[in-house]
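Visitor: this one's structure only:
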């Protein structure tokens, strides 16, 4: 596989950043994920981090070097993160459970699968056109989808999510795929801090306007400027799919996985310590930003060496 990846997380007008994102890959399979810890519930940063760690750990166990059943993996891996949050709350006798949204994308062969729970989104852009995006698990999106079929009462807050990880009931997990990718396809995962203030048409246009290393930070800055002092945290991880090693097209600066052995695994998702992990073990905002800079710099150095 060859792909370019860029990730960034900026704290808006919030006291702390409870968003988390990262990716991991083997020679023939890649997992990209983003979680947004939910306000109004305890330890949102724990919820987002623990859900990603659980999913990444399962990927490491099962991708040798590919996943036999990507849909099953996404369903079971996300649900496992949900159960870890419930266990975390019980072990600490919390009055409420930490909760988070999550969106994940799996690239394998020339195909993509994705899954989400909540309102963190995935966008697939091809040749400047929006090919697909996830539908939020919110009452507003439900109303739009079921207009005239299941009317919502005036008292319903349409921005409220009706499912998430860590909720009392079993979470709703929507899964899509396989979708065949084409060279140049761009997949972007983002928190609602981005799409909440920038419409889909603008996101599509800006994402396609320049290499993801330029377009993604521009989108993030646009979201922060538009929202102003009340900006939510804005977190994005974007991937540009490139030609396979047997194709003739030139590739962009990015990651080449062909040299990895069958059991080799690379990850930017911080290793966890299971459900007993202490909140103090989690990355703080400065460490997250520093880690992201180091990862992106390593990608650029690798590309320069190949050039």
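Guide: Cool, got the structure. These figures come from a predicted structure and were not determined experimentally.

Visitor: next one: stretch 192-200 to chain centre, how far?
Guide: Distance of stretch 192-200 from the chain centroid (Cα atoms, centre = their mean, to the nearest Å) equals 15 Å.

Visitor: right, I mislabeled it, should have said stretch 93-108
Guide: Relative to its parent chain, stretch 93-108 has a centroid offset of 11 Å by Cα atoms, centre = their mean.

Visitor: Going by neighbour count, which residues in that stretch are buried?
Guide: 97, 98, 99, 100, 101, 102, 103, 104, 105, 106, 107, 108 (16 or more other Cβ atoms under 10 Å). Quick note: C-beta positions are derived from backbone N, CA and C, even for glycine.

Visitor: Sort out which of these are in strands and list them.
Guide: Using DSSP state E, the subset of those located in strands is 100, 101, 102, 103, 104, 105, 106, 107, 108.

Visitor: For burial, what's the neighbour tally of residue 215?
Guide: 23 (other Cβ atoms under 10 Å).

Visitor: Closest one of the buried residues of stretch 93-108 to residue 37?
Guide: Distance to residue 37 across the buried residues of stretch 93-108 (Cβ to Cβ) is lowest for residue 100, with 4.8 Å.

Visitor: Okay, now the unreliable bits of the protein?
Guide: The model of the chain has pLDDT under 70 over residues 140-159, 243-253, 265, 270-307.

Visitor: The spatially most central residue of it sits in which helix or strand?
Guide: By Cα atoms, centre = their mean, the chain has its centre lying nearest to residue 34, at 2.5 Å. Using DSSP states H and E, residue 34 falls within strand 29-37.

Visitor: Next secondary structure element downstream of that strand?
Guide: helix 44-62.

Visitor: C-terminal to that next one, what's the next element?
Guide: Immediately after helix 44-62, counting by DSSP H and E, sits helix 70-91.

Visitor: Show me what that next one is packed against.
Guide: helix 44-62, strand 100-108, strand 111-117, strand 174-180 (3 or more Cβ pairs under 8 Å, 6 or more residues apart in numbering; DSSP states H and E).

Visitor: Can you lay out those as JSON lines showing distance to residue 22?
Guide: Below are the helices and strands packed on helix 70-91 laid out as JSON lines (distance: least, Cβ to Cβ, whole Å):
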{"stretch": "helix 44-62", "distance to residue 22": "6"}
{"stretch": "strand 100-108", "distance to residue 22": "10"}
{"stretch": "strand 111-117", "distance to residue 22": "16"}
{"stretch": "strand 174-180", "distance to residue 22": "20"}
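
Visitor: out of those, nearest to residue 84?
Guide: Among the helices and strands packed on helix 70-91, helix 44-62 sits nearest to residue 84 (Cβ to Cβ), with 5.0 Å.

Visitor: Could you list every helix and strand in contact with the closest one?
Guide: Using 3+ Cβ pairs under 8 Å, 6+ apart, helix 44-62 is in contact with strand 19-25, strand 29-37, helix 70-91, strand 100-108.

Visitor: coming back round to it: winner for burial among the helices and strands packed on helix 70-91?
Guide: Counting by mean count of other Cβ atoms under 10 Å, strand 100-108 has the highest mean neighbour count of the helices and strands packed on helix 70-91, with a mean of 27.

Visitor: quick one, that one and strand 29-37 angle?
Guide: 170 degrees (axes from the mean of the first three to the mean of the last three Cα atoms, to 10 degrees).
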